[in-house]
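Colleague: Here is a sequence together with a model predicted from it:
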Amino acid sequence: MPSKANSLFDEAVRLSSMNGNGFLKIAKICWLPAGFGVVGRDDDWSWIPEESYPLYNASQCPFAERGFNCLANGRRDRGYTKWRWKPKHCDIPQFDVRTILEYLRGKRIVFVGDSLSRTQWESFICMLMTGVDDKRSVYEINGNQITKQIRFLSVGFNSYNLRVDFYRSAFLVQPGPVPKRAPKRVKSTIRLDKLDDISKEWIDSDFLIFNSGHWWTPTKLFEMGCYFQHGGSLKLGMPIASAFKAALNTWASWVESNVNPNRTSVFFRTFESSHWSGRHRNSCKVTRRPSSKTNGRDKSSISDIIMKVAKQMAFPIHVLHVTQMGAFRSDAHVGTWSDNPSVPDCSHWCLPGVPDMWNEILFSYMLSKNGELFQ
């Protein structure tokens, strides 16, 4: 009997098909099942040079954040924009913007998560804009500027009656106030049993793409006086991994209770590899070419928890496992080519860049049905 971890690309790329069945045939174009998570091994796929890349010019896309537009911020080498992720035995379908825009007509896409989710959202919009003749027909519906703090952004493609939304929710669950009689070191809490209060706005969508992970660190939690709360109890000694799993279980219950699987496809992207180095992981050295070794960055306890929770769900979750894919891309981070060059950045990615590949895989899923690609 087939396992839930289906083989999509034979030995090229292992796909974790949540709630899927059977095995897919090898084809020149990679067939995509109803539920999937991309999990590659370093001998199964590679980043290959692609001279036709990049797919867009960030300086011509008003929704590409200046802080991620490395070329506009002074980066001179363009090599990092010209790599394509290639499974050994098949190809991710070539990006066809006209086809995808027509397919997305009348739909609503929602990205939920931290700043890495916002980066994917920006990439998604810039890629689609290359197929729109009248750029003025693409606009932020509330006239908002893209900032790091804003909680909600929505871009409309007027000619296609299409909306692409972003909701900032770094933890997915609710931040909370300091409980009574809490120790002085507690400045705020994360309520692990309560999903973010803006979650009701995510439901009415055709595609929901989640991420979380980069804020689940001691630096962004305990050192800032932020601790976990479950029910009425403050969990001062709870490990971060246990808290993250509890939060994801809350998210999973919400999905199964509120989202209609007959309408909405739900994705969860795994942890995106960063390339900080040094004893205190505060050194950021961006290379000119992809790394030949991962140095352990192809593994992530956050990604493992995401996979485990998704596998246990009755709702068909599509886990986009990008951890190993990004582990080799030490050349593609923002580094000092941001809008604040005095603060190096080896967590976020330049645009265009690695997030475009996440979206190419996402578009491939959107253009597939029952494992067969629309022609």
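Modeller: Thanks, I have it.

Colleague: CA atoms of stretch 199-219 as PDB?
Modeller: Listed next in PDB are the C-alpha coordinates belonging to stretch 199-219 (Å, rounded to 0.1, in the frame of the first residue of the first chain):
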ATOM      1  CA  SER A 199      -7.400  34.900  11.000                       C
ATOM      2  CA  LYS A 200     -11.100  35.400  10.100                       C
ATOM      3  CA  GLU A 201      -9.900  37.500   7.200                       C
ATOM      4  CA  TRP A 202      -7.900  34.700   5.600                       C
ATOM      5  CA  ILE A 203     -10.800  32.200   5.100                       C
ATOM      6  CA  ASP A 204     -12.400  33.600   1.900                       C
ATOM      7  CA  SER A 205      -9.600  32.700  -0.400                       C
ATOM      8  CA  ASP A 206      -8.700  30.200  -3.200                       C
ATOM      9  CA  PHE A 207      -5.000  29.700  -2.100                       C
ATOM     10  CA  LEU A 208      -3.600  30.200   1.400                       C
ATOM     11  CA  ILE A 209       0.100  30.200   1.800                       C
ATOM     12  CA  PHE A 210       1.500  30.200   5.300                       C
ATOM     13  CA  ASN A 211       5.000  30.400   6.800                       C
ATOM     14  CA  SER A 212       6.500  30.900  10.300                       C
ATOM     15  CA  GLY A 213       9.800  30.200  12.000                       C
ATOM     16  CA  HIS A 214      12.200  33.100  11.900                       C
ATOM     17  CA  TRP A 215      10.700  34.700  15.000                       C
ATOM     18  CA  TRP A 216      10.800  31.500  17.100                       C
ATOM     19  CA  THR A 217      14.300  32.200  18.500                       C
ATOM     20  CA  PRO A 218      15.600  33.200  21.900                       C
ATOM     21  CA  THR A 219      16.800  36.500  20.600                       C
END
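
Colleague: what's near enough to touch V309?
Modeller: V309 makes contact with K245, L248, N249, W251, A252 under the criterion Cβ atoms under 8 Å, 6 or more residues apart in numbering. From N, CA and C alone the C-beta is placed, and that goes for glycine too.

Colleague: so what pLDDT did the closest residue to the last one other than its chain neighbours get?
Modeller: If you skip the residues right next to it in sequence, A252 has M313 as its closest partner in space, 5.2 Å away by Cβ to Cβ, 6 or more residues apart in numbering. Note for M313: predicted pLDDT of 94.

Colleague: before we move on, what about N6?
Modeller: In the prediction, the pLDDT value recorded for N6 is 28.

Colleague: Sketch out the low-pLDDT regions of the chain for me.
Modeller: Filtered on pLDDT under 70, the chain yields the residue ranges 1-43, 369-375.

Colleague: I'd like to know which elements the top helix by length along it is packed against.
Modeller: Ranked by residue count under DSSP state H, the longest helix found in the chain is helix 240-258. Contacting helix 240-258 under the criterion 3 or more Cβ pairs under 8 Å, 6 or more residues apart in numbering; DSSP states H and E are the following elements: strand 173-176, strand 188-195, strand 226-230, helix 301-311.

Colleague: Single out the most deeply packed of those.
Modeller: Per residue and on average, the most neighbours among these fall to strand 226-230, with a mean of 22 (mean count of other Cβ atoms under 10 Å).

Colleague: who does that strand pair up with?
Modeller: Using DSSP bridges, strand 226-230 pairs in its sheet with strand 188-195 (parallel), strand 233-235 (antiparallel).

Colleague: what about those strands, which gets the closest to C226?
Modeller: Across the strands paired with strand 226-230, the minimum distance to C226, taken as Cβ to Cβ, is reached by strand 188-195, at 4.8 Å.

Colleague: from what I can see G231 touches T189, true?
Modeller: No - at 11.6 Å, G231 and T189 do not qualify as touching, with contact defined as Cβ atoms under 8 Å.

Colleague: who's in contact with G176?
Modeller: Shown here is G176, whose contacts under the criterion Cβ under 8 Å, 6+ apart are S188, T189, I190, R191, K194, Q229.

Colleague: List the beta-bridge partners for it.
Modeller: Assessed by DSSP bridges, G176 has beta-bridge partners T189.

Colleague: Secondary structure of V319: a helix, I assume?
Modeller: No - counting by DSSP: H, G, I helix; E, B strand; the rest coil, one finds V319 to be strand, located in no helix.

Colleague: my read: it touches T270, true?
Modeller: Yes - judged on Cβ under 8 Å, V319 makes contact with T270 at a distance of 6.6 Å.

Colleague: Only the buried residues of stretch 51-61, if you could.
Modeller: Within stretch 51-61, the residues that qualify as buried are Y53, P54, L55, Y56, A58, C61, counting by 16 or more other Cβ atoms under 10 Å.

Colleague: element containing the third one?
Modeller: Spelled out, that is L55. L55 is part of no helix or strand, with elements assigned from DSSP states H and E.

Colleague: ok, it to M357 distance?
Modeller: The spacing between L55 and M357, counted by Cβ to Cβ, to the nearest Å, is 10 Å.

Colleague: Under a three-state scheme, what state does T119 occupy?
Modeller: Using three-state DSSP, the three-state assignment for T119 comes out as helix.

Colleague: residues in contact with R288?
Modeller: If a contact means Cβ under 8 Å, 6+ apart, then R288 has D77, G79, Y80, D331 as its contacts.

Colleague: would a markdown table of the strands paired with strand 226-230 with distance to K107 be doable?
Modeller: A markdown table is the format used below for the strands paired with strand 226-230 (distance: least, Cβ to Cβ, whole Å):
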| stretch | distance to K107 |
| --- | --- |
| strand 188-195 | 24 |
| strand 233-235 | 40 |
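
Colleague: show me where the stretch 1-150 of the chain has strands.
Modeller: Secondary structure of the stretch 1-150 of the chain (DSSP state E, counting those that start in this stretch): strands located at 13-15, 38-40, 45-49, 83-87, 108-113, 138-140.

Colleague: And G326, which helix or strand is it part of?
Modeller: In the assignment (DSSP H and E), G326 maps to helix 323-327.
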